[in-house]
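J.: Sequence and predicted structure below; questions after.
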Amino acid sequence: SYDNIQSRLEQGTMSNGIQYGYIEKLNRGDNVNMSFSIRNGDVNSLQNKGVLPSFTASMLNKGTKTRTRQQIEDELSELKSSIYLSGRGGNAYASISTTKENLMACMELMADMLKNPAFDPAELEKLKTERLASLEANKTEPQFIASRRLSEINNKYPKGHPNYVMTIAEEEEAIKALTIEDVKSFYEEFYGLGKSINIGIGTFEGDKVRAFLEKEFAGFESKSPYAEVKSPYQGTVVANENIITPDKKNAMTFGAQGVEISQYSEDYPALNVAATILGGGFLNSRIADRLRQKDGVSYGAGGGLSADSDKDDQNSQLYVYAIYNPDNLDKVQLGFKEEIQRYIDGGITEEELANAVNGWVESQNVSRAKDNELSSLINNNIYYDRDMEFHKEMEEKVSKLTVEDVNKAIRKYIKPYEQWSVVNAGDYKETSGSK
């Protein structure tokens, strides 16, 4: 339960400013999940950095000053452990999956990668080649193309802004232009503790981990103070575009509609349940019923609400998707249009509400029972300065919803399909289309 998790959670701040949250428990096989994140930079210092954040983080496990890439890989396979590193903006994330016995060796390896990267030019060239090949392969993938284009259409930021969405061509150009000097200078400027969070769940000794991080990261400071790069709600760009992807068996439609709401908003529980019934149902949803069951035109269809945790930005999004044979484009468009309109006009039933609420509560229970998902929940709680009480109250609000509460949220927030931002990608015949 929420109370049980909160009472077992050990939380605090280390002398070097690292915020931590630990749940020590007996796991099968003495397994432990450990995550560590650092955040640096702000909207000004992070201008024009493009692909650098992700490339710099990807270079960390390609060798340190005392270990080659091969030695790192060998060491991890000997420890039967994994360390995953990624970067976005001025933030870098590390996640470790290991056992109690091997945790401290993994922590030492993670610290070495974060603090002493070798930045071998040959490794950067390999990485660039891999990324370019992956982009090239994705250029004809309907799912990748549709999702990417949808982000481009709704990008409101100028080129160079940390939130700017590059076109594929711009990304290719940025990758080709990247040098090892760029990576080194990005590292020098943006790597340091900044705002850092460490979460551990499983069989381990928290005091050992704390002592290690306090000693190992003493004086590890970046030159760029951290301030969150804001991403406030900015509305939806109305569009319905077709992109031809020749010789692909499946087509993909993605639709999105921005909503000015956050997880803290009064209407959030009702809109969340509304989105679940429309597209995210566990056994069924309005969209899946229509496109898969009734019309038989889609292999997979659904939708949901991607909700902002930031109470200031309130930058949330309703989304729908369908995978189908390109010949069925018009039927899929009609299905979305009619079902969303029917939803706005007629609302939901008591049975749909009961199923959605039970399904949602059950999915939260299942999620909290998984260490990696609980870890990310606790991480977000620390970041947004809230605790398990926030989630407990949310569940209470969801459980008390009435049909009228949900119908009110539907009428207030969900717009007809013609007012959404939609991209369709597939091998369409020229005649068909919904533009």
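T.: Good, I have the coordinates.

J.: residues contacting the residue nearest the centre of the chain?
T.: Note on the chain: the residue nearest the mean C-alpha position is residue 306, at 9.7 Å, using CA atoms, centre = their mean. The neighbours of residue 306, taking CB atoms under 8 Å, 6 or more residues apart in numbering as the test, are 316-319. Just so you know, the C-beta spots here come from the backbone N, C-alpha and C atoms, and that holds for glycine as well.

J.: in the sheet, who's paired with it?
T.: With DSSP bridges as the criterion, the beta-bridge partners of residue 306 are residue 317.

J.: And the contacts of residue 306, which two are furthest apart?
T.: Checking these against each other with CB to CB, the farthest-apart pair comes out as 316 and 319, at 10.2 Å.

J.: Comparing these two, which residue is more hemmed in?
T.: Set residue 316 next to residue 319 and count neighbours by other CB atoms under 10 Å: residue 316 wins out with 25 against 20.

J.: that older thread, any shared contact partners between residue 316 and residue 319?
T.: 305-306.

J.: isn't residue 87 right up against residue 59?
T.: No: the pair formed by residue 87 and residue 59 falls short of the contact definition of CB atoms under 8 Å, at 9.5 Å.

J.: ok, the contacts of residue 306 vs residue 296, which is closest?
T.: Distances from the contacts of residue 306 to residue 296 were compared by CB to CB; the smallest belongs to residue 319, at 22.8 Å.

J.: you'd agree the closest one is in a strand?
T.: Yes: inclusion of residue 319 in a strand is indicated when DSSP: H, G, I helix; E, B strand; the rest coil is applied.

J.: From residue 212, how far out is it?
T.: As defined by CB to CB, to the nearest Å, residue 319 lies at a distance of 41 Å from residue 212.

J.: go on, residue 129?
T.: In this structure, residue 129 and residue 212 are 36 Å apart, going by CB to CB.

J.: likewise residue 416?
T.: Taking CB to CB, one finds residue 416 at 56 Å from residue 212.

J.: Show me where this structure has its strands.
T.: Read by DSSP state E, the chain holds these strands, from start to end of the chain: 10-13, 19-24, 31-39, 82-88, 91-99, 195-202, 239-244, 251-260, 298-306, 315-324, 421-426.

J.: Quick check: end-to-end length of stretch 219-234?
T.: According to CA to CA, to the nearest Å, stretch 219-234 extends 40 Å from its N-terminal end residue to its C-terminal end residue.

J.: just stretch 311-319 next, same as before
T.: Calculated as CA to CA, the first-to-last residue distance of stretch 311-319 is 20 Å.

J.: Quick check: buried residues in that stretch?
T.: Of all the residues in stretch 311-319, those buried under the rule 16 or more other CB atoms under 10 Å are 313-319.

J.: Point out where this protein drops to low pLDDT.
T.: Residue ranges of the chain with pLDDT under 70: 281-283, 430-435.

J.: Number of residues surrounding residue 34?
T.: Residue 34 sits with 23 neighbouring residues when counted by other CB under 10 Å.

J.: what bridges to it?
T.: residue 96, residue 200.

J.: how close does it sit to residue 310?
T.: Counting by CB to CB, the gap between residue 34 and residue 310 amounts to 26 Å.

J.: Dump stretch 355-367 to PDB, restricted to CA.
T.: Extracted as PDB, the C-alpha positions of stretch 355-367 are listed here (Å, rounded to 0.1, in the frame of the first residue of the first chain):
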ATOM      1  CA  ASN A 355     -14.400  -1.100 -15.300                       C
ATOM      2  CA  ALA A 356     -12.000   1.800 -16.000                       C
ATOM      3  CA  VAL A 357     -11.700   2.700 -12.300                       C
ATOM      4  CA  ASN A 358     -11.000  -0.900 -11.300                       C
ATOM      5  CA  GLY A 359      -8.600  -1.400 -14.100                       C
ATOM      6  CA  TRP A 360      -6.700   1.800 -13.300                       C
ATOM      7  CA  VAL A 361      -6.400   1.000  -9.600                       C
ATOM      8  CA  GLU A 362      -5.200  -2.500 -10.400                       C
ATOM      9  CA  SER A 363      -2.600  -1.200 -12.900                       C
ATOM     10  CA  GLN A 364      -1.300   1.200 -10.200                       C
ATOM     11  CA  ASN A 365      -1.000  -1.700  -7.800                       C
ATOM     12  CA  VAL A 366       0.900  -3.800 -10.400                       C
ATOM     13  CA  SER A 367       3.200  -0.900 -11.200                       C
END
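
J.: who touches it?
T.: Judged by CB under 8 Å, 6+ apart, the contacts made with stretch 355-367 from elsewhere in the structure are 272-273, 276-277, 281-283, 373-374, 377, 391, 395, 398-399, 401.

J.: What's the PyMOL line that selects buried ones from the residues you listed?
T.: Of these, the buried ones go into a single PyMOL selection, burial set by 16+ other CB under 10 Å:
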select buried, resi 272+273+276+277+281+374+377+391+395+398+401
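
J.: so which of the contacts of stretch 355-367 comes closest to residue 142?
T.: Of all the contacts of stretch 355-367, the one sitting nearest residue 142 is residue 281; the distance, using CB to CB, is 24.1 Å.

J.: just to revisit the earlier point, mind listing which of the contacts of stretch 355-367 are in helices?
T.: 272-273, 373-374, 377, 391, 395, 398-399 (DSSP state H).
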